[in-house]
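1. Okay, sequence plus prediction incoming.
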Amino acid sequence: MNPLAMNHSAMNRLACRGLDLSIGGVSIVREFNFTLEPGSFWGLLGANGSGKTTLLKCLAGLRAPDVGQVVLDGISIDELPRRVLARHIGMLQQHTAYVFDSSVLQTALTGRHPHLGYWQREGREDIGKAIAALNAADLSGLTERSVTGLSGGEARRVAFATLLVQEPRIMLLDEPTNHLDLRHQVWIMGMIRALSVQAEGAAIAALHDVNLAARYCSHVLMLFGNGEWTAGTIGELLNETSLERLYGCAVRKLESPDGPCFYPLTH
Amino acid sequence: MTLDQWAQALLHPGADQGDLLWRLRLPRALSAWTVGALLSLSGCLMQVLLRNPLADPYILGVSGGAAFASLLGMTAGVASAFTPLLALSGSLVSILLVFGLARGEGPWSTTRLLLTGVVTASGWAALISLVLSLGNDSSLRGMLFWLMGDLGYATTPSWALLVLALVFLICLGLARSLNVLAMGETTARLLGEPTQRLLWLIYLLASVLTASAVSIAGNIGFVGLIVPHLTRLLLGSDHRMLLPAATLFGGIFLVISDTLARTVMAPEQLPVGVITALLGVPLFLLLLNRAKLKL
C-alpha cells in the first residue's frame, strides 16, 4: 500500500485502541477498539447506567480510561492541549444548567472560545456564525433573552447552537433529543446527520429512542453494561434479538413506509 | 466649602485646607476606593470560582486569618502601624492552608474547596471570639472597629493599588475564559479551557485581592457581594465588561460609604463596615426580590 494513502487513512478520525473503561468498579467496555470514520453517525445505545455518558466523556478526553488510549488523527488525545482538542471535538452534555445571567447570543458566542486568541474579541464573522446557528435552532427571536429564564427545550437548543458555533468536525452528543418536542427531535437528528456526512464530519450520539437511531444513524454501538459491547451498521444490529438482549425486555418490529419501527411489549 | 475653596485647597497643598485635603481626605478617599475596588473584583472572581452568584470574598476564610492575626497583635500591644502587616500575613497563612488542604490528591472540586474554606473560616471565627473574650476592655473598641471594617488607620495605599492594577490586568486577559468557566467546569474544558490551572489561579488571585483589602481596612462586608451582583444586573455577565465596571463601582461605593461613615454622626466616626451593611442589606434584598419576579 502507498504509505501516503495509509497516512491519510489514519487522519480525520477519532479512534479507541484497546480501551478498558470502568466506573465505580463496574466495567463499561473491555478491549474496546473503535474508529469513528468520517461521514458516519453512530447511535450509542444501552440501558440506564450502562456507561454511555462515561464513554462519551472518555472520547472527549474528560476522563482517562483504565487501559488503552483514545487517539485523534494518530495522536493520543491526552497529549493534545484542550484548546486544540476543542477545535476538533465538541460535546453536547446531557444536562444544560445556566447559573449566571447571560444573553442567548453571548452564550452561543462562547463556542468561538477555542478559535480566538488570548486578548482577541469576537469579530463580525464570529457573531455572524452565532446568529446563523441560533436561526438554525429556531432561536432567532430569543437572542437577547437571558439563558437563566429559558425553558428546558430552549436551553437545550442554545447548547446545541453553541456546539454548532464551535464547529468541531467530530461531535459527541449525550442524549441530544432530551427535553425536545417531536419537531425539534427530528430537526436536531437531521442536523447532526447532515453535519456528519460532510467531508470530515462524524458524530456519535447516546440515544434512548431506538427509532430515531434507526432513522438517522448509519451505525450503532451497543453497551451491555458488563463490559461487553458490539458495533456495526444499523442493518446488522438493529433487530428484535439484539434489542431484547440490550434492554432486557421483549421488543417487536413493525415495518412502516419510512423504515422499521421498534416497540416494547407490555408485561 | 464652596467650589472655589475646593479649587484653592487643591492648588495650594501648603495652606491649612490644602493640607487637610492632601494629607487626610485624599489619602483616605483613595484608600476607600482601592479597598472597594479590591473587594469587588475579588467578589467577581469568587462568584465564578464557586459558580455561585452569591459568593463573597470572605467566604473561604481569607479574612478570618487576617482578623485573628491582627487582633492578636492588638492584644499583645503591638503598634497599630503593624496591623496591616499582621493582617496580610494572617490571610496569607489562611490562603495557603485552604489551598493545601483543599487541593489534596484529586482533581479540582468546588465542593471540596468550599467546605475546606468555610470550615477554616469557622475555625478562625472561634479563635477570634477567644481573643476578644480574653482581650482587655481598652483594646476591645479598636478590635470591634477593625472587625466591622474601618478605614481609620488607612494611609495612602500605594502597594495595594499596585496589587490591584496587576491582578486587574491579569483578570482582564482571563475575562473570556471566565465567561466560559461561568457555564461550568466541564463546559469550559470542552470549549478548550485547561480548567485545573485556571481555577487555582483564580483562587489565588481572588485571595490576594481580599488579603490586601483586609490588611488595609479589616472586614468590610457586602461590597464584594453587592457590587458585582448589581453590576451584573445592570451590564450583564460578560466579564470583559463586568470586571472593569465592578472594580470601578466597588471603589465608588466604598468612597460614598466612608464619607457617610465620617459625616453621619460627626464628629463621631462610624466603622465603614456598618454603613456598607446598612446600605447593602436592603439593597440586596431588593435585588433578590426583583430577580425572583423576573424568574
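-> On my side now, so go ahead. None of the values given here were measured: they were computed from a predicted structure.
2. I'd say residue B:193 and residue B:179 touch.
-> No: if you go by C-beta atoms under 8 Å, residue B:193 and residue B:179 don't touch, sitting 10.1 Å apart. To be clear about C-beta, it is placed using only N, CA and C from the backbone, and glycine gets the same treatment.
3. so what's in contact with the two at the same time?
-> residue A:113 (C-beta atoms under 8 Å, 6 or more residues apart in numbering or on different chains).
4. which residues of the chain score low on pLDDT?
-> All of this refers to chain A. A:1-12 (pLDDT under 70).
5. hm, I was asking about chain B
-> Ranges of chain B meeting pLDDT under 70: B:1-3, B:6, B:13-23, B:104-108, B:153-154, B:291-295.
6. In it, what residue spans correspond to helices?
-> Ranges of helices within chain B are B:3-11, B:16-20, B:26-49, B:62-75, B:83-103, B:110-134, B:137-148, B:158-181, B:185-190, B:195-217, B:223-235, B:239-263, B:272-294, based on DSSP state H.
7. Deepest-packed of these, please.
-> Ranked by mean neighbour count, these are led by helix B:26-49 with a mean of 27 (mean count of other C-beta atoms under 10 Å in any protein chain shown).
8. Which strands or helices does that one pack on?
-> Helix B:26-49 makes packing contacts with helix B:158-181, helix B:195-217, helix B:223-235, helix B:239-263 when contacts are defined by 3 or more C-beta pairs under 8 Å, 6 or more residues apart in numbering or on different chains; DSSP states H and E.
9. possible to save the ones you listed as CSV with distance to residue B:129?
-> Below are the helices and strands packed on helix B:26-49 laid out as CSV (distance: least, C-beta to C-beta, whole Å):
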stretch, distance to residue B:129
helix B:158-181, 28
helix B:195-217, 18
helix B:223-235, 23
helix B:239-263, 25
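10. near chain B, which residues of the stretch 151-267 of chain A show up?
-> When proximity is defined as C-beta under 8 Å from any C-beta of the partner chain, the stretch 151-267 of chain A approaches chain B at residue A:166.
11. from the stretch 151-267 of chain A, which residue is nearest to chain B?
-> With C-beta to the nearest C-beta, the shortest gap between the stretch 151-267 of chain A and chain B falls at residue A:166, namely 6.9 Å.
12. gap between that residue and residue A:73?
-> 18 Å (C-beta to C-beta, to the nearest Å).
13. between the two, which one's more packed in?
-> Set side by side, residue A:166 and residue A:73 show more neighbours around residue A:166, with 25 against 14, by other C-beta atoms under 10 Å in any protein chain shown.
14. Centre-most residue in chain B?
-> residue B:39 (2.7 Å; C-alpha atoms, centre = their mean).
15. can you count the residues close to residue A:211?
-> Around residue A:211 there are 17 residues (other C-beta under 10 Å).
16. Contacts for the helix or strand that contains it, please.
-> Residue A:211 belongs to helix A:210-216 when assigned by DSSP states H and E. Outside helix A:210-216, the residues that touch it by C-beta under 8 Å, 6+ apart are A:41, A:43, A:45, A:177, A:185-186, A:189-190, A:192-193, A:207, A:220, A:234, A:238, A:243, A:258-262.
17. I figured residue B:206 hits residue B:50, correct?
-> No: if you go by C-beta under 8 Å, residue B:206 and residue B:50 don't touch, sitting 9.9 Å apart.
18. Just the closest residue of chain B to chain A, please.
-> For chain B, C-beta to the nearest C-beta, closest residue to chain A: residue B:192, 3.2 Å.
19. List, one by one, the residues from the stretch 1-150 of chain B near chain A.
-> For the stretch 1-150 of chain B, the contact set with chain A under C-beta under 8 Å from any C-beta comprises B:51-53.
20. what do you get if the cut-off is 10 Å, keeping everything else the same?
-> B:47-48, B:51-53 (C-beta under 10 Å from any C-beta of the partner chain).
21. tell me which of those is nearest to residue A:21?
-> Lowest distance from residue A:21 to those (C-beta to C-beta) belongs to residue B:51, with 27.7 Å.
22. and the nearest residue to the closest one once chain neighbours are set aside, what does it touch?
-> Distances taken as C-beta to C-beta, 6 or more residues apart in numbering or on different chains place residue A:99 nearest to residue B:51, at 5.8 Å, with adjacent residues excluded. When contacts are counted by C-beta atoms under 10 Å, 6 or more residues apart in numbering or on different chains, residue A:99 touches A:147-148, B:47-48, B:51-53, B:182-184, B:237.
23. does chain B sit close to stretch A:109-126?
-> Yes: Stretch A:109-126 reaches chain B (C-beta under 10 Å from any C-beta) through A:109-122.
24. Buried subset of the residues you listed as a PyMOL selection?
-> To isolate the buried ones among the residues of stretch A:109-126 next to chain B in PyMOL, judged by 16 or more other C-beta atoms under 10 Å in any protein chain shown, type:
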select buried, chain A and resi 109+110+111+112+113+114+115+116+122
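25. Among the residues of stretch A:109-126 next to chain B, which pair sits farthest apart?
-> Using C-beta to C-beta, the pair of the residues of stretch A:109-126 next to chain B lying farthest apart is A:111 and A:119, separated by 18.8 Å.
26. just to revisit the earlier point, thinking the residue nearest to the centre of chain B is in contact with residue B:272, fair?
-> No: distance between residue B:39 and residue B:272: 11.5 Å, which falls outside the contact criterion (C-beta atoms under 10 Å).
27. Which neighbours do these two have in common?
-> By C-beta under 10 Å, 6+ apart, the residues touching both residue B:39 and residue B:272 are B:149, B:217, B:220, B:223, B:254.
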